[in-house]
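> Sharing a model prediction with you, sequence too.
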Protein chains: 2
Amino acid sequence: MTTDHPTPVPSARVARPQLLVSAARDEGVDAATAAARRLIDALLQAGDHTDTDMGDVTEQLDALAGKLLEQAPDREERLVAMWQGSGVTRHDPVTGPENALAPPVELIGQEDGSVRGVVTLGLPYQGPPSCVHGGISALLLDHTLGVANHWAGLSGMTAELTLRYRRPTPLFEPLTVTGRQVSVDGDKILTVGSLMAGDRECVTAKGLFIAKQLPRPS
Amino acid sequence: MTTDHPTPVPSARVARPQLLVSAARDEGVDAATAAARRLIDALLQAGDHTDTDMGDVTEQLDALAGKLLEQAPDREERLVAMWQGSGVTRHDPVTGPENALAPPVELIGQEDGSVRGVVTLGLPYQGPPSCVHGGISALLLDHTLGVANHWAGLSGMTAELTLRYRRPTPLFEPLTVTGRQVSVDGDKILTVGSLMAGDRECVTAKGLFIAKQLPRPS
């Protein structure tokens, strides 16, 4: 179904602000994943400039990974669990409390229909010296635009994403990432967002999404 | 300096294929980082579906991170080292052997002036079920386009990046990422790339880069 004119998304919603992603728990796999993030950062901070026996670190990490894998479900079974219920927002590389790649960003749906998160990024996310990698900004924005679509009530898959890099995005200070669905035209969704450092706009994004989803594993 | 017409990049180069990023070593921080990647994957594979004592895993990881940080240089000193000599390609989140976020991708400069890498991505890089996150594809492509500029002889910073998602990009199978500088017009560089699964084109990228670099820490 295609309409002649895009339908503007209402600029005011009755919904109250709401956390749209999984909050990290202080225990279980979330706590271990948070510790894994600290380790990733520590490895980069140390590099080869340390007397620590890296052979010993490697052995300990492999022993932990081996123990986890010994008891883990097989991949197909795990994928089914990941894509059920509250599992859906627990594993992605932007907000997932189970994913050590994720900073993680807590995205909150706002009353005006936008979503917003605040995050401070360290060395693992570096591109230019002391700045966020342009591809990491793209990752944060693509995901935030996707969650903005969910909050607006119609989700989809990214068809086209355009990023404009207006100034370098700093590491080590709070960044605000926002997304907002602008219009829906049939199955085409237009969504925009930005990454700000204080009141400085560092990166803006415009995404065209198609209102469809891949089937979930079952 | 701006020319009236973009200068096409020569389509044939005399240079032989060359690894353009740091090869991961089998020891030291590279080996520990590779083990950290296996742990990140294992945590996602296990999730909460394990009898492993996650409190114990958390404690061990924090002990390792604490030990590394105890001896690590301070941030400013570390940043200087990162941005000197061969350190430059050791820490980024796409190819860096010291960065557990990086898959890592080994990018090879080709005789025709393009760069190419092959990588298989697992659960930490997931977006839609069993598929690569669109933002991860953006991260790989942004970086590959940057390295393609380096290989072509004129590097810059991303000003605009447009990604077209043509079909879902699968996890768990080899992907080929390529980049190629197309033209230079004054300080404006146009670079394109793609992410392929076999002969299927999954994502294409077009980047506008500006020929400048941020100063390196010293």
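Okay, I see it. Numbers count the residues shown, from 1 in each chain, chains lettered A, B, ... in the order given.
> near chain B, anything from the helix or strand hosting residue A:145?
Secondary structure assignment for residue A:145, by DSSP states H and E: helix A:134-152. Yes: applying Cβ under 8 Å from any Cβ of the partner chain, one finds helix A:134-152 touching chain B at A:134-136, A:138-143, A:146. All C-beta spots, glycine's among them, are computed from the backbone N, C-alpha and C.
> Out of those residues, who's the most crowded?
Highest neighbour count within these: residue A:140, with 31 neighbours (other Cβ atoms under 10 Å in any protein chain shown).
> Pretty sure that residue sits against residue A:119.
Yes: Residue A:140 is within contact range of residue A:119, at 7.5 Å (criterion: Cβ atoms under 8 Å).
> Now do the closest residue to residue A:124 other than its chain neighbours: how many residues are near it, please.
Distances taken as Cβ to Cβ, 6 or more residues apart in numbering or on different chains place residue B:101 nearest to residue A:124, at 4.9 Å, with adjacent residues excluded. As a burial measure, residue B:101 scores 27 neighbours (other Cβ under 10 Å).
> To which secondary structure element type does residue B:101 belong?
With DSSP: H, G, I helix; E, B strand; the rest coil as the basis, residue B:101 sits in coil.
> OK, contacts around it?
A:40, A:101, A:124-125, B:93 (Cβ atoms under 8 Å, 6 or more residues apart in numbering or on different chains).
> Secondary structure for the residues you listed - can I get that in CSV?
CSV is the format used below for those (three-state DSSP):
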residue, secondary structure
A:40, helix
A:101, coil
A:124, helix
A:125, helix
B:93, coil
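> hang on, the earlier thing: which strands and helices lie in contact with the helix holding residue A:145?
strand A:115-119, strand A:157-165, strand A:175-185, strand A:188-197, strand A:200-210, helix B:134-152, strand B:157-165 (3 or more Cβ pairs under 8 Å, 6 or more residues apart in numbering or on different chains; DSSP states H and E).
> closest one to residue B:108 among the ones you listed?
Nearest of these to residue B:108, taken as Cβ to Cβ: helix B:134-152 at 9.2 Å.
> For stretch A:82-94, which outside residues touch it?
Against stretch A:82-94 from outside (Cβ under 8 Å, 6+ apart): A:20-22, A:81, A:95-99, A:101-105, A:139-140, A:143-144, A:216-217, B:44, B:47, B:123-127, B:129, B:133, B:135-136.
> and the helices and strands packed on helix A:134-152, which is most packed in?
helix B:134-152 (a mean of 27; mean count of other Cβ atoms under 10 Å in any protein chain shown).
> Hmm, residue A:197 is touching residue A:175, no?
Yes: if you go by Cβ under 8 Å, residue A:197 and residue A:175 touch, sitting 5.5 Å apart.
> Just the element for residue A:79, please.
helix A:75-82.
> what pLDDT does the residue nearest the centre of chain A get?
Nearest residue to the geometric centre of chain A (Cα atoms, centre = their mean): residue A:94, 1.9 Å. Per-residue pLDDT puts residue A:94 at 98.
> which sections of chain A are below the confidence cut-off?
Applying pLDDT under 70 to chain A flags residues A:1-14.
> Walk me through the domains of it.
As assigned by automatic domain parsing, chain A contains the domains A:1-21+A:105-218, A:23-102.
> helix/strand/coil for residue A:155?
coil.
> Now do the contacts for the nearest residue to it once chain neighbours are set aside.
In space, and not counting its chain neighbours, residue A:155 is closest to residue A:149: 4.6 Å by Cβ to Cβ, 6+ apart. By Cβ under 8 Å, 6+ apart, the contact list for residue A:149 reads A:155-156, A:181, A:189, A:191, A:209.
> same deal with residue A:130?
Residue A:130 touches A:170-172, B:79, B:217, counting by Cβ under 8 Å, 6+ apart.
> Most neighbours of all these, which one?
residue A:171 (24 neighbours).
> My read is that that residue contacts residue A:128, right?
No: checked against Cβ under 8 Å, the pair residue A:171 and residue A:128 is beyond contact range at 9.7 Å.
> still on that earlier bit, mutual contacts of residue A:197 and residue A:175, please.
residue A:169.
> returning to that earlier point: which of the contacts of residue A:130 sits closest to residue A:51?
When the contacts of residue A:130 are compared against residue A:51 (criterion: Cβ to Cβ), the nearest one is residue B:79, at 20.6 Å.
> Excluding chain neighbours, what is closest to that closest one?
In space, residue B:79 is closest to residue B:217, 4.3 Å off (Cβ to Cβ, 6+ apart).
> quick one: the one you found is in a helix?
No: applying three-state DSSP, one finds residue B:217 to be coil, outside a helix.
> OK, contacts around the spatially closest residue to residue A:208 that is not a sequence neighbour?
Using Cβ to Cβ, 6+ apart and skipping residues adjacent in sequence, the residue nearest residue A:208 is residue A:160, 4.3 Å away. Residue A:160 makes contacts with A:207-208, B:162-165, as judged by Cβ under 8 Å, 6+ apart.
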